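Chemist: show me the folded form of this:
(one chain, ligands or ions: 1)
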Amino acid sequence: MPEKSVKVEREAQLAVVSINRPDQHNAINAALLQGLLTIFSRLKEDETVHGILLTGAGQSFCAGADIHEMRQMSVGEAAVFAESGQRLMFAIERLGKPVLAAINGHALGGGLELALACDFIVAARSASFAAPEVQLGIIPGFGGTQRLSRLVGKAKAKELIFTGDRISASEAYQIGLVNRLYDDHELQSSSLELLRQICSRGLVSLRLAKEIIDAGYDIDLATACFMERDAFALCFTTEDQKEGMGAFVEKRKPQFKGR
Ligand code: COA
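Modeler: The predicted model follows:
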């Protein structure tokens with residue numbers, strides 16, 4: 001079963017996905033990559049899941065692609081591996097539900113790229129981050145050259161990718177790679193609490209906001225704003241919009257249904 005290296009647990013309407021090859025610092029081999037693709041596709045279809053927390057079992061979030069496996073790859077196999085990795089990152093971005101990366105320990109190489117595909121990153125204070133690919137004679141292949149520069153700026157991304165140096169969680173926070181830092185023992189509970197808070201909002205609004213922010217990011221401002229206008233108007237066809245505004249007027253908490 002490819003999914004053996006990925007663990008999924010439910011916390012009411014949230015799913016906690018743990019990368020689960022702790023003895024290899026959760027390094028991504030082909031089976032693990034396939035497992036993540038399968039699981040994220042299931043979670044997308046599962047209407048009872050409103051948000052997803054992605055984390056790592058054991059000491060690390062993920063130490064990147066499996067170097068033992070990569071070492072044996074032909075040029076063709078490397079292209080297929082990178083393509084599968086990129087498909088996974090797009091699948092996370094197009095999931096239609098919030099996906100939060102909660103980083104424990106190392107997020108290196110493909111592990112960093114996986115985190116970058118999530119909506120945003122929270123981390124334990126002891127976490128560390130790096131794009132060490134050049135030290136192995138390769139470059140990031142799961143979209144990292146693009147997503148890292150979009151998030152932290154081109155020059156900072158070049159510094160991280162050219163040096164391969166590891167940075168601490170607090171440096172990652174300072175450069176805007178990480179949104180929030182938590183004490184190590186509170187990482188899971190605090191990030192779940194944050195995700196629970198996010199998912200108590202209208203799920204349709206969350207889906208549309210995610211879609212428009214991601215799709216609009218790479219196109220011109222005017223076209224992106226047209227898309228925003230249409231998505232804004234679409235909200236007025238939903239029960240959630242009526243509930244949200246009704247609750248405000250009636251001075252009560254809204255009960256969103258995601259419709
Ligand atoms: N691919 C395959 N195996 C990996 C791995 C990776 N990316 N990262 C760690 N492992 C394996 C090691 O080979 C080792 O296996 P072994 O016990 O069979 O020898 C095991 O995980 C423990 O790693 P080790 O290096 O002994 O632990 P450490 O605590 O000293 O260091 C890391 C942990 C993650 C900092 C270190 O393993 C590392 O730098 N990994 C490579 C990171 C990297 O370059 N990633 C980018 C890939 S593109």
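Chemist: up against the ligand, what does the chain have?
Modeler: 24-25, 27, 60, 63-68, 106, 108-110, 132-133, 136 (C-beta under 6 Å from any ligand atom). Where C-beta positions appear, they are placed from N, C-alpha and C, glycine not excepted.
Chemist: in strands only, show me those residues.
Modeler: In strands, judged by DSSP state E, the following of the residues of the chain next to the ligand are found: 106, 108.
Chemist: show the buried residues in the residues of the chain next to the ligand.
Modeler: Neighbour-count burial (16 or more other C-beta atoms under 10 Å) applied to the residues of the chain next to the ligand gives 24-25, 27, 60, 63-66, 106, 108-110, 132-133.
Chemist: need the three-state assignment for residue 129.
Modeler: strand (DSSP: H, G, I helix; E, B strand; the rest coil).
Chemist: contacts for stretch 250-259?
Modeler: 47, 50, 200-204, 238-240, 243-244, 246-248 (C-beta atoms under 8 Å, 6 or more residues apart in numbering).
Chemist: now list the buried members of these.
Modeler: 50, 201, 202, 203, 204, 238, 240, 243, 244.
Chemist: skipping adjacent residues, who's closest to residue 24 in space?
Modeler: residue 66 (6.8 Å; C-beta to C-beta, 6 or more residues apart in numbering).
Chemist: show the pLDDT at the one you found.
Modeler: Looking at residue 66, its pLDDT is 97.
Chemist: farthest-apart pair in the contacts of stretch 250-259, please.
Modeler: Distances among those were taken as C-beta to C-beta; the most separated pair is 47 and 248, at 26.3 Å.
Chemist: low-confidence ranges in the stretch 51-200 of the chain?
Modeler: The stretch 51-200 of the chain contains no residues with pLDDT under 70.
Chemist: and the residue sitting nearest the centre point of the chain, how far is that from residue 54?
Modeler: Among the residues of the chain, the one closest to the centroid is residue 118, at 1.6 Å (C-alpha atoms, centre = their mean). To residue 54, residue 118 is 6 Å away according to C-beta to C-beta, to the nearest Å.
Chemist: find the residues that touch each one of these two.
Modeler: 92, 99, 100, 101.
Chemist: for the residues you listed, which one is nearest the ligand?
Modeler: Of all the shared contacts of residue 118 and residue 54, the ligand sits closest to residue 101, with 16.6 Å by C-beta to the nearest ligand atom.
Chemist: pretty sure that closest one is touching residue 56, no?
Modeler: No. Contact criterion C-beta atoms under 8 Å: residue 101 and residue 56 do not qualify, at 9.7 Å.
Chemist: next, the buried residues of stretch 135-152.
Modeler: 140, 141, 142, 143, 144, 145, 147, 148, 149, 151, 152.
Chemist: distance from the chain centre to that stretch, please.
Modeler: 15 Å (C-alpha atoms, centre = their mean, to the nearest Å).
Chemist: what sits up against it?
Modeler: Against stretch 135-152 from outside (C-beta under 8 Å, 6+ apart): 65, 67, 70, 78, 81-82, 85-86, 88-89, 109-110, 112-114, 116-117, 131, 133, 156-158, 160-161, 164, 175-177, 217.
Chemist: ok, which stretches of the stretch 151-259 of the chain are helices?
Modeler: Assigned by DSSP state H, counting those that start in this stretch, the stretch 151-259 of the chain shows helices spanning 154-163, 169-174, 187-199, 203-217, 221-235, 239-249.
Chemist: quick one on the thing from earlier: of the buried residues of stretch 135-152, which belong to helices?
Modeler: Among the buried residues of stretch 135-152, the ones falling in helices (DSSP state H) are 144, 145, 147, 148, 149, 151, 152.
Chemist: kindly report the domain assignment for the protein.
Modeler: Per automatic domain parsing, the domain ranges recorded for the chain read 2-199, 203-250.
Chemist: can you redo those domains as a markdown table with distance to residue 259?
Modeler: Converted to a markdown table, these look like this (distance: least, C-beta to C-beta, whole Å):
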| stretch | distance to residue 259 |
| --- | --- |
| domain 2-199 | 11 |
| domain 203-250 | 5 |
